[in-house]
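> Would you be able to build a 3D model of this:
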Amino acid sequence: MAIFILHTGSAMAILIAGGILLVFRKKTGFRNCFVLGWFWQVLFSLPAGIWQSLVGWPHISVSSIWTRLMTPLVGWPFNAGGFTVRLVFEATVEPLEWLVGHRSATVLSNMPYYDFLLLIQGGILAAIFAWRYKKHRTYKDRFVICMAVLFLVNSLLNVTWFWAGS
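Below you'll find the model as predicted:
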């Protein structure tokens, strides 16, 4: 239940803050642009979550409408991390088991470590976006568009990963 509240609450907070910043574009300081960078990451992770809620995983039935609506919000950290964070997580979680003290290498049992990896990637991407957006003040910048496409592809490459358990 805590993961549900943490994931949906953080997604809603980032989406609301980013939406407010999009509507009231009075200041384009680095902090506001950094929040917008996280906003776009959460927003671009939702298509992978929508795919997961509509198609589902091969051995899980996604039948209730509540599950279909909440899967994109609950799964946004896993879809925002995409294939890159998943690759680093799976390569490093077992060697670090002695440090964290878990017996299972699933993502939900090692959520703080996964979140740390996600914060590193997301922070770097949000900082690059903030630097570029603050400099050009437009979304029509080719670099920003390329970042968005690469982020979306990274997210969609991870769509079949069963992050809900093992």
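> remind me which residues of the protein are low pLDDT?
In the predicted model of the chain, residues 1, 56-63, 96-105, 165-166 satisfy pLDDT under 70.
> contacting residues for the residue nearest the centre of it?
Centroid check for the chain by CA atoms, centre = their mean gives A80 as the closest residue, at 2.3 Å. Taking CB atoms under 8 Å, 6 or more residues apart in numbering, we find A80 in contact with Q41, V42, F44, S45, L118, G122, S155. C-beta coordinates here come from the backbone N, C-alpha and C atoms, glycine included.
> Was I right to think the third one contacts L150?
Right, F44. No - using CB atoms under 8 Å, F44 makes no contact with L150, being 10.1 Å away.
> who's more crowded, these two?
Higher neighbour count among F44 and L150: F44, with 22 against 13, using other CB atoms under 10 Å.
> Check the secondary structure at the more buried one for me.
helix (DSSP: H, G, I helix; E, B strand; the rest coil).
> What residues does it make contact with?
Contact analysis of F44 by CB under 8 Å, 6+ apart lists A80, A148, F151, L152, S155.
> Spatially nearest residue to G37 (excluding sequence neighbours)?
Closest residue to G37 apart from its sequence neighbours, by CB to CB, 6 or more residues apart in numbering: A126 at 3.1 Å.
> And what about that neighbour, helix, strand or coil?
Secondary structure of A126, per three-state DSSP, is helix.
> For it, give me its contacts.
Contacts of A126 by CB under 8 Å, 6+ apart are F34, V35, G37, W38, Q41.
> what separates it from R68, distance-wise?
The gap separating A126 from R68 is 29 Å, by CB to CB, to the nearest Å.
> ok, now how distant is L43 from G81?
Taken as CB to CB, the span from L43 to G81 is 15 Å.
> re the thing from before, which two of the contacts of A80 have the greatest separation?
Spatial extent of the contacts of A80 (CB to CB) is set by the pair F44 and L118 at 14.1 Å.
> quick one: which of L43 and G81 has more around it?
Between L43 and G81, G81 has the larger neighbour count (other CB under 10 Å), namely 29 against 18.
> got the buried residues for the host helix or strand of that one?
Assigning secondary structure by DSSP states H and E places G81 in helix 76-92. Along helix 76-92, these residues count as buried under the neighbour rule (16 or more other CB atoms under 10 Å): W76, P77, F78, N79, A80, G81, G82, T84, V85, R86, F89.
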